[in-house]
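Engineer: build me a model:
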Amino acid sequence: MSESLQRPARPAQADAGMNGPPAYTPSGPSAVPPTGVVTPAANGAAEPVRPARASEFRVRSYRRDQRRRTVLGVLLVVGIVALGLFFAPGASLSGSQGASSGGSSPSGPSGSVTVNLGPATVATTTCSDGKTTTTEGVPWVSSSAPVSTSEIALELQELIDGDIDGGPTAYPSVSASYLCGAPVQSAWTSWYAVLQNPAGANIAFFSYSQGWVNLNQPGVGITIADGSTLFVLSDPSYAGLSFALCVLGDVGAPTINVCGEL
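Structural biologist: Alright, predicted model coming up:
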């Protein structure tokens with residue numbers, strides 16, 4: 001019992017099996033060490049072999065190209081937006097001037113026309129039936145480019161709140177010599193305007209129901225000469241009631257937006 005128990009010694013082969021396979025020994029001049037094996041460098045220092053280096057380079061290149069594409073995409077979008085803002089048509093501007101100064105449409109981008117209206121004058125005219133009525137004449141002083149009646153529409157606006165006034169009317173009785181065949185009479189507020197050339201001849205009229213109608217002149221529209229006058233005839237009269245006659249560019253026509261107070 002005094003003898004100590006001793007573990008028998010293991011064979012050399014058993015130790016080698018427990019510690020893993022024997023070290024790799026390259027053979028031949030072209031032998032390539034397996035992945036993860038440390039090989040001596042030319043200067044004697046150990047340099048690990050990294051077969052994943054090419055894969056890392058591809059990942060970095062992909063990320064760099066992705067950032068470049070993102071920057072180019074942002075620049076392209078900014079350029080498109082800038083071009084859209086540059087070529088967008090100018091917004092219509094509106095405004096009215098008092099009777100003492102008339103009115104003028106604001107200058108704007110290419111395609112807009114500046115129209116200058118003079119102060120309105122109130123007068124009494126005799127209709128062809130011998131009766132009298134009140135008229136309000138708004139001088140068409142000038143325009144920066146020729147304007148045809150087919151390119152504009154007329155409105156009567158309340159200066160206080162901008163409401164459009166007027167409604168359907170009967171066919172106006174107008175001739176080259178008379179502004180009215182009879183005083184305007186209607187069950188509701190109604191009006192029409194007569195375009196008179198600088199020589200004093202009536203050449204066209206505009207109403208809520210008929211639009212522009214030429215007098216004794218064929219064609220669709222008539223060019224408005226500088227020095228012409230727009231005469232407004234209404235029931236009741238708008239004189240001194242804070243109303244304005246507004247000239248507006250029609251659809252597809254140059255931008256025109258000007259009002260002259262009545």
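
Engineer: contacts and neighbour counts: CA atoms only from here.
Structural biologist: Noted.

Engineer: for the chain, what helix or strand is lowest in average pLDDT?
Structural biologist: strand 96-97 (a mean of 38; mean pLDDT, DSSP states H and E).

Engineer: got the contact list for A225?
Structural biologist: By Cα atoms under 8 Å, 6 or more residues apart in numbering, A225 lies in contact with W140, S142, P146, N197, P198.

Engineer: closest to S112 among these?
Structural biologist: Nearest to S112 out of the contacts of A225 is P146 (Cα to Cα; 11.3 Å).

Engineer: so where do the strands sit in the stretch 101-250 of the chain?
Structural biologist: In the stretch 101-250 of the chain, the segments counted as strands under DSSP state E, counting those that start in this stretch are 103-104, 115-117, 121-126, 132-143, 152-158, 164-165, 190-196, 202-207, 211-214, 228-235, 243-249.

Engineer: the second one: which residues count as buried?
Structural biologist: Of the residues in strand 115-117, V115, N116, L117 count as buried by neighbour count, 16 or more other Cα atoms under 10 Å.

Engineer: before we move on, what about the third one?
Structural biologist: Buried residues in strand 121-126, counting neighbours by 16+ other Cα under 10 Å, are found at V122, T125, T126.

Engineer: in the stretch 101-250 of the chain, where is pLDDT below threshold?
Structural biologist: Residue ranges of the stretch 101-250 of the chain with pLDDT under 70: 101-110, 167-168, 184-189.

Engineer: surely Q217 meets I203?
Structural biologist: Yes - at 7.5 Å, Q217 counts as touching I203 under the criterion of Cα atoms under 8 Å.
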